[in-house]
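Undergrad: Fold the following and give me the result.
(chains A, B and C)
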Amino acid sequence: MMMVDPLILTLFLPLFGAIAAFVLPRAAAWVGLLAVLGTGVAVAALARAVLAEGEVVTQLGGWAPPLGIALRADGLSVAMLAMTAGVGLLVSIGALDALRDLRERQYFWPLWLLLLTGMNGVYLGTDIFNLYVMIEVIALAAVGLTVLSGTKQAVRAGLEYMYASILGALLFLMGVGFVYLQAGRLDFAGLIAVEPSGAMSAALALMVVGLLLKTALFPLHFWLPAAHANATAPASALLSGLVVKAALYIFLRLTTYMPLPDEILVTLIGTLGAGAVLWGGVQALRAERLKLLVAWSTVVQIGLIFIAFARAGQVGLSESWKAAALLILAHGVAKSAMFLAAGRIKDEIGHDRIADLDKSDTRPTLAQFTFALAAISIIGLPPSLGFIGKWTLMEGAMAAGYWHWVAVTMIGTLMSVAYFSRVFAGFLRFDRMRGELAEHKGWALADAAPLTLAIAAISLGLMAAPILSFIELGYPFGAQQ
Amino acid sequence: MTETPFLPLFILLTSLLASPVLFALPESAARLRTGINLGVAAVKVALVAWLGWKVGQGVIYDVSFTMLPGLDFKLQADPLAMLFISLSAILWLITTVYSVGYLERGPHRARFFGFFSLCVAATVGIAMAGNLFTFLIFYELLTLATYPLVIHRGSAEALRAGRIYLIYTLAGGLVLLLGTLGLWVLAGTTDFAPGGILDDVVAENRLAAQMLFVVLVGALGVKAALVPFHAWLPIAMVAPAPVSALLHAVAVVKAGAFGIMRVVYEVFGIETAQALGLTAPLAALAAVTIIYGSLKAITQDDIKKRLAYSTVSQVSYITLGVALASPIAAVGAMAHLIHQGLMKITMFMAAGNLAEGLGVKKVSQMDGVGRDMPGTMLAFSAAALAMIGLPPLAGFVSKWYLAQGGLDAGYGWVIALLLGSSLLNAIYFLPMLHRAWFRDAGARDQTPARRRIGWMLAAPPITTALMVLAVGGFANAPFSPLEWTRFVVAIEYQE
Amino acid sequence: MTPDLIYGLTGIAVFAIGLVGALCAQDRLRRVLALKLCSVGAGFVLVVAAWRTPPADPDPVPHALVITGIVVMISATAVALALIRRLQTLEAEDDDG
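TA: Numbers count the residues shown, from 1 in each chain, chains lettered A, B, ... in the order given. Reported below is the predicted structural model:
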């Protein structure tokens, strides 16, 4: 088995899977499932290697950087790969049942496997041009998933998403051009050596703005709510749980190799995060539809992750990434569970208007329970992984004396309680129902995938210590420890 | 002396694992559900008795695993924990019997018992938490698990009450998170230890330690219903009777009071807390709450609301006893933790029987109910008299120690406070007893009984009333709450 | 002015024009064209990066990058155009019904 490099398998299994699923539309689901499963196994092998060696590097075709393309895995990248594969596998299982339409089934699998290829490429990539290519691959696949349902709202939202995504990628590409002009190479290892200069700062600015647009940090979030709310449930779960994390991850890595030149910029990014928390919170309070509320909560969570990034100022950036990484993992698992559950609720009762959630004779109690469990992690209540992330965030802010970040986090938490309790009230109220409530109605096998994800989001919090020590393997953010 | 750590874990897991099973049971499997409920509750009481025996012999159980670098999830069965665990385990068993009877044909029983179990698990976790971090985890779990019970009736009113409840308690929880983080950042540990862990911090940064005290006690004060954070408690009375009985007379408010004990005794240490000059203001706040709750109780016509305001008042006896910083008052406080629980649960179950059997929900409808429901009303009366402080009943014992403690601490006003409070207790309880026993039922609406009160509803309040008599009458017997309390106080005051 | 500077500044200018268009244009097709301009601008900058003062040979790597960029952009344009057509069809159906 170890004849083939797991790094290469991680990248090429989903790619070949995508092609096979496209060529064999009748068997697409099984090909897809198999490819995701195989990727999971490759990631597990990679995790073993990283545990043993700290970091694993492969040079494609034997060419060394800067000319060749190297793939590199360390603790953080494997954690992201594992989250992607794990969430992806469960969403795939959920998709088996959730996608009823033949056309949806036919196109979902190739697009999703292409997306997986792109994301794995981002987590393993070591030079910024390849990252550009990967984010374009992700963008195209993600737009395809957004418009999968074929409704007018979905296509419109998908087109907006497309514009934002391509523009973000092109800003990034422009930055790449500047870097090459200045440095003559594009690999991470080379970037560290480059002297800071005006041109490099401009390059960094272009790339960062492009990434923020793609990860939807306030006020560049405008495209996200409509796109995530109007996609079909498995697509929403992938888009919200996984896709926005890819650009975030690049941002984290990039700012390690090309540090932000001024403390002010760190504060600015934190402030945008605070804006996302507050504005997204207000919008979630006003949202009339369940999936839109969940989408706005993604805007809030992205903001929170950027606050985590800024929580200890420039001096503490090499520590701050841990809080950010924990929140990224927590949100990935919990949000995909939440979108799948929201989709199940919508399927069972036929709509997702929050005000009328209680007016149905069918109560998909299991999906509602799943939604509530996921909300626990997203609000950040113990012992979930979301709680651990928030704890780490606030601990750092407090130790550094940045009380404003503590305050924003607390306000955001209270707001999230307020908007999620709107939904819970709809789940639990029953005095406006038309008929007798049948018990355990609306349970289906499709509830298993989101429920597993939600339980994982809660119980992973208990494993926070091993997760934290794992993501530090291979010193993802410099060997200064 | 330490032993295999599994016993506390088992006690936690009994109700924690029962919960998902109860959720998954179909609504119609009533017998099986009752069997599981009672079986698990009985097993838990047995395990707790065993644990109590061991802890009484000086065994300390300690089980922990690392959640974050340096930060453990830690369960610890020490004598103080035993106090709260025994209370919740025994009352859980009794209330389960009551709930089965109460909800006989009601909707959503699977959901009810699932969350009910989860609440008890949370309470036991709060009792056994070995550090503030673990305490916080179970404290939040308790909030989440009680919310669906508060809104169990599923009406617009219940939902409104639930929202207020959730916002109060989760905001309190958030402030507790802030305090726990503050403790962690300042002290580098959140472990509970008799005598406190903050001596170094206090020496270094007195102001920070004082702020920490305010934040932590304020956060816990929300659940302990300290004025001005008490408003959720009367509103939450919209919940079904067993929920009000067990959770809002025992588990939730006691979790707050118990937390205050842990923070004052084992985070700050009583001497340190006193040296920070913060125990006296806390005692004053408790005194205000005691009087305020009683005054509000007098004006309530709704029986459950009157009982709720009475709880606001009575729970602050515990806080008062802690804040007086005298070992004698501490005995009173801890004994009251048990005594008040027994008394109030009796009264709430009796009130539930009145509402279910006779449709009586208001004090003004109580004329002659003693004749219709003698057993229930005898239990109610015994608890009410004990609450007023009639010797030798339970309430008298705790008030006696509190008064002695007040003198010991040099606060003469405590005597006046307790006398005044007892007088107010009498003012709001005696008219209820008078109506029940000495007025003619003629004035009351004589609609036929809405349902028969079976033994499952009648027996629990009588049982707890007998316990009220026993803990007062045999206060000095070995293993009585009072005796146990003396044992705990000796540890906390490191004598 | 050296040729590389002229090319570089032109690239930046073209990118800027495209950026303004992508942000301000209302028409769906115009926005796609604006994005195309951006990509051309970025391509210019990469081409400049390959320039070496003669007689030294130009650096081949950026050329490879530019070609990759063009390929990526063609696919993106195709997807965008397909979406626009689909949306027009859907909206036309709405108007009819």
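
Undergrad: How about the closest residue to chain C within chain A, nearest residue that isn't a chain neighbour?
TA: Closest approach between chain A and chain C, counting by Cβ to the nearest Cβ: residue A:177, at 3.5 Å. Any C-beta I mention is one placed from the backbone N, CA and C, and that applies to glycine too. Spatial nearest neighbour of residue A:177, chain neighbours left out: residue C:45 (3.5 Å); criterion: Cβ to Cβ, 6 or more residues apart in numbering or on different chains.

Undergrad: before we move on, what about residue A:370?
TA: Using Cβ to Cβ, 6+ apart, the closest residue to residue A:370 is residue A:341 (4.1 Å).

Undergrad: From chain B, how far out is residue A:370?
TA: Between residue A:370 and chain B the distance is 12 Å, computed by Cβ to the nearest Cβ, to the nearest Å.

Undergrad: element containing that residue, please.
TA: In the assignment (DSSP states H and E), residue A:370 maps to helix A:365-379.

Undergrad: Next: residue B:73.
TA: With DSSP H and E as the test, residue B:73 turns up in strand B:71-77.

Undergrad: does any part of that strand sit near chain A?
TA: Yes - residues of strand B:71-77 are located near chain A by Cβ under 8 Å from any Cβ of the partner chain, namely residue B:73.

Undergrad: what is the mean pLDDT for that strand?
TA: In this model, strand B:71-77 has a mean pLDDT of 90.

Undergrad: picking that back up, and the residue nearest to residue A:177, what does it touch?
TA: By Cβ atoms under 8 Å, 6 or more residues apart in numbering or on different chains, residue C:45 lies in contact with A:174, A:177, A:178, A:181, C:8, C:11, C:12, C:15.

Undergrad: The fourth one belongs to a helix, doesn't it?
TA: Pointing back at residue A:181 there. Yes - counting by DSSP: H, G, I helix; E, B strand; the rest coil, residue A:181 falls inside a helix.

Undergrad: related to what we said a few turns ago, export the contacts of residue C:45 as TSV, with columns for pLDDT and secondary structure.
TA: Formatted as TSV, the contacts of residue C:45 follow (pLDDT from 0 to 100; DSSP: H, G, I helix; E, B strand; the rest coil):
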residue	pLDDT	secondary structure
A:174	94	helix
A:177	91	helix
A:178	92	helix
A:181	88	helix
C:8	88	helix
C:11	92	helix
C:12	94	helix
C:15	95	helix
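
Undergrad: hmm, which two among these are most spread apart?
TA: A:181 and C:15 (13.6 Å; Cβ to Cβ).

Undergrad: With neighbour numbers in mind, choose between the two.
TA: residue C:15 (25 against 20; other Cβ atoms under 10 Å in any protein chain shown).

Undergrad: For the more buried one, give its distance to chain B.
TA: On the measure of Cβ to the nearest Cβ, residue C:15 and chain B end up 46 Å apart.

Undergrad: in what helix or strand does residue B:405 lie?
TA: helix B:394-409.

Undergrad: same deal with residue A:475?
TA: For residue A:475, there is no host helix or strand (DSSP H and E).

Undergrad: Pretty sure it sits against residue A:74.
TA: Yes - the pair residue A:475 and residue A:74 passes the contact test of Cβ atoms under 8 Å, sitting 7.1 Å apart.

Undergrad: Need the overlap of contacts for these two.
TA: A:54, A:55.

Undergrad: When those two are compared, which one has more neighbours?
TA: residue A:74 (22 against 15).

Undergrad: Surely the more buried one touches residue A:477?
TA: No - assessed by Cβ under 8 Å, residue A:74 is found out of contact with residue A:477, at 9.5 Å.

Undergrad: hang on, the earlier thing: quickly note the distance from the residue of chain A closest to chain C to residue B:62.
TA: 61 Å (Cβ to Cβ, to the nearest Å).

Undergrad: Show the contacting residues for the residue nearest the centre of chain C.
TA: Chain C has residue C:39 as the residue nearest its centroid, 2.2 Å off, counting by Cα atoms, centre = their mean. Listed by Cβ under 8 Å, 6+ apart, the contact partners of residue C:39 are A:170, A:173, C:18, C:69, C:70, C:73.

Undergrad: before we move on, back to that, following the helix holding residue A:370 in sequence, what is the next regular element?
TA: Scanning onward from helix A:365-379 (DSSP H and E), the first element met is helix A:385-399.

Undergrad: That next one vs chain B: in contact?
TA: Yes - Helix A:385-399 lies within reach of chain B by Cβ under 8 Å from any Cβ, at A:388, A:391, A:392, A:394, A:395, A:398, A:399.

Undergrad: ok so, going back, just the contacts of residue C:39 now: which is nearest residue B:98?
TA: Closest approach between these and residue B:98, by Cβ to Cβ: residue A:170, at 68.2 Å.

Undergrad: Kindly list the main-chain dihedrals of that closest one?
TA: For residue A:170, the backbone dihedrals are phi -70, psi -40 (criterion: degrees, to the nearest 10).

Undergrad: re earlier: residue contacts, the residue of chain A closest to chain C?
TA: Here residue A:177 is in contact with C:11, C:42, C:45, C:46, C:48, C:49 (Cβ under 8 Å, 6+ apart).
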